[in-house]
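J.: Could you look at this predicted model? Sequence included:
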Amino acid sequence: MEPKPPYAVWAVTGNGAALGRKIQNQLPGTDLYLCGSLWAVEKQKAGEGTHGFTRLSEGLSVLFQHYRSHVFIMSAGIAVRTIAPLIRHKAVDPAVVVVDDNGRHAVSLLSGHIGGANALATTVAKIIGATAVVTTATDVNQLPAIDVIAGELGLAIENFDAVKSVHMALLQKRGLLLHDPYDIIGEQLPRRFIATKIDLAETKPDGSMAQQPGVFVDDRLVDLPADILVLRPATLAAGIGCNRNTPGREIRDHLLQVMDTHRLALGSLTGLASIQIKQDEPGLLETAAALGVPIRFYQPNQLEGVEGVRNPSAVVAKHTGVSSVCEAAALLAAGRGNLVVPKQATPNVTVAIARIAFTS
């Protein structure tokens with residue numbers, strides 16, 4: 001999947017067009033969209049990246065999810081009414097910033113944290129000499145935003161509703177439970193906000209602790225209270241071997257069953273790996289595409305002799321030239337990490353899972 005273009009700026013007046021050009025000149029990758037009357041005047045001299053639109057609602061119906069961020073130089077009311085039918089969820093919606101026609105204020109309107117609208121409002125304000133307006137409670141109270149921390153650290157948010165519970169606890173000065181066995185969050189969440197460090201994979205919160213919001217950073221599947229925010233680190237790699245022309249669904253089903261049986265989170269899966277002779281195997285490519293993760297293929301000399309292989313096979317060596325495919329590939333893809341699930345086999349598919357080297 002190709003990355004989305006970064007910015008679209010929308011203007012409906014001459015002042016707006018001038019502000020939009022300032023933004024476009026300072027933010028690489030910005031597309032400037034001008035309404036029909038402005039476009040009729042500007043199109044002869046417009047450079048690459050400047051476009052016209054007839055109706056804002058029609059243009060956005062196609063382009064709203066196409067960009068990572070939008071800047072509307074117009075009234076907030078127009079922007080709100082136009083984007084309202086297009087909003088899906090904070091996990092996927094683009095950042096939206098609104099700038100008034102005189103360029104006095106740059107307002108973060110939508111996806112302030114995860115989408116980056118708060119940061120974009122500040123950037124746009126600096127470019128045009130405006131005041132950035134940010135209204136998210138954590139920001140105005142100078143508190144850490146857990147969804148921003150997760151994004152910066154590459155942690156996948158599994159249960160978005162729990163973000164509210166964590167932020168409310170911070171606003172109310174209630175300490176959080178923290179399960180972070182690999183110290184991935186580190187100092188990003190200052191210790192004064194943490195009431196208790198606890199291994200939630202082994203200890204169930206009880207009493208008053210059962211109602212206490214918290215943060216769980218781990219690749220293990222654990223049954224947790226709804227107020228515990230689950231953040232998945234990118235820690236797991238799956239090595240896969242298969243018979244020729246094994247269907248993608250069969251490969252995927254076995255992988256998912258293995259992960260579920262061993263209580264490992266799909267959200268922590270960084271990618272798949274196999275042997276080079278399988279680089280054109282349709283089922284493997286389909287599985288990677290369906291899961292939205294990359295797949296890498298290793299040469300036999302890279303796989304042979306990898307330390308940590310538990311189940312070498314003479315049969316595998318006869319067909320591939322190496323004694324291990326799935327376990328060795330998983331270990332290599334994990335940076336020669338730890339094999340947490342040794343080879344699990346069906347008649348057509350073998351799967352092994354390794355945890356990347358910086359964890360234990």
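T.: Cool, got the structure.
J.: And the one helix or strand Gly283 maps to, how far out from the chain middle?
T.: Element membership for Gly283 (DSSP states H and E) is helix 282-291. In terms of C-alpha atoms, centre = their mean, to the nearest Å, the centre of helix 282-291 is found 20 Å from the chain centre.
J.: List every C-alpha atom in that helix, with coordinates, as CSV.
T.: Taking Å, rounded to 0.1, in the frame of the first residue of the first chain, the C-alpha atoms of helix 282-291 are listed here in CSV:
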residue,chain,number,x,y,z
PRO,A,282,1.0,-17.2,-4.0
GLY,A,283,-0.3,-18.4,-0.7
LEU,A,284,2.5,-16.7,1.2
LEU,A,285,2.1,-13.5,-0.7
GLU,A,286,-1.6,-13.5,-0.2
THR,A,287,-1.2,-14.1,3.6
ALA,A,288,1.2,-11.2,4.0
ALA,A,289,-1.2,-8.9,2.0
ALA,A,290,-4.2,-10.1,4.0
LEU,A,291,-2.5,-9.4,7.3
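J.: and it, what other elements does it pack with?
T.: strand 236-242, helix 248-261, strand 269-275, strand 295-298 (3 or more C-beta pairs under 8 Å, 6 or more residues apart in numbering; DSSP states H and E). Heads up, the C-betas are built off the backbone N, CA and C, glycines and all.
J.: which residues are contacting the shortest one?
T.: Same thing as strand 295-298. 271-276, 278-279, 284-285, 287-288, 328-329, 332-333 (C-beta atoms under 8 Å, 6 or more residues apart in numbering).
J.: Please spell out the ChimeraX selection for the buried subset of these.
T.: This is how ChimeraX selects the buried members of those, with burial counted by 16 or more other C-beta atoms under 10 Å:
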select :271,272,273,274,275,278,284,287,288,328,329,332,333
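J.: Tell me the bridge partners for the most centrally placed residue in the chain.
T.: In the chain, the residue lying closest to the centroid (C-alpha atoms, centre = their mean) is Ala156, at 5.6 Å. Ala156 forms beta bridges with Arg232, as assigned by DSSP bridges.
J.: what angle sits between the helix holding Gly283 and strand 269-275?
T.: Orientation check (axes from the mean of the first three to the mean of the last three C-alpha atoms, to 10 degrees): helix 282-291 against strand 269-275 gives 170 degrees.
J.: Let me know the angle separating helix 282-291 from strand 236-242.
T.: Using the same axes, to 10 degrees: helix 282-291 against strand 236-242 is 150 degrees.
J.: Report the rounded mean pLDDT for helix 282-291.
T.: Here helix 282-291 scores 97 as its mean pLDDT.
J.: so where's this structure shaky on pLDDT?
T.: Within the chain, the segments meeting pLDDT under 70 span 1, 44, 201, 204-210, 358-360.
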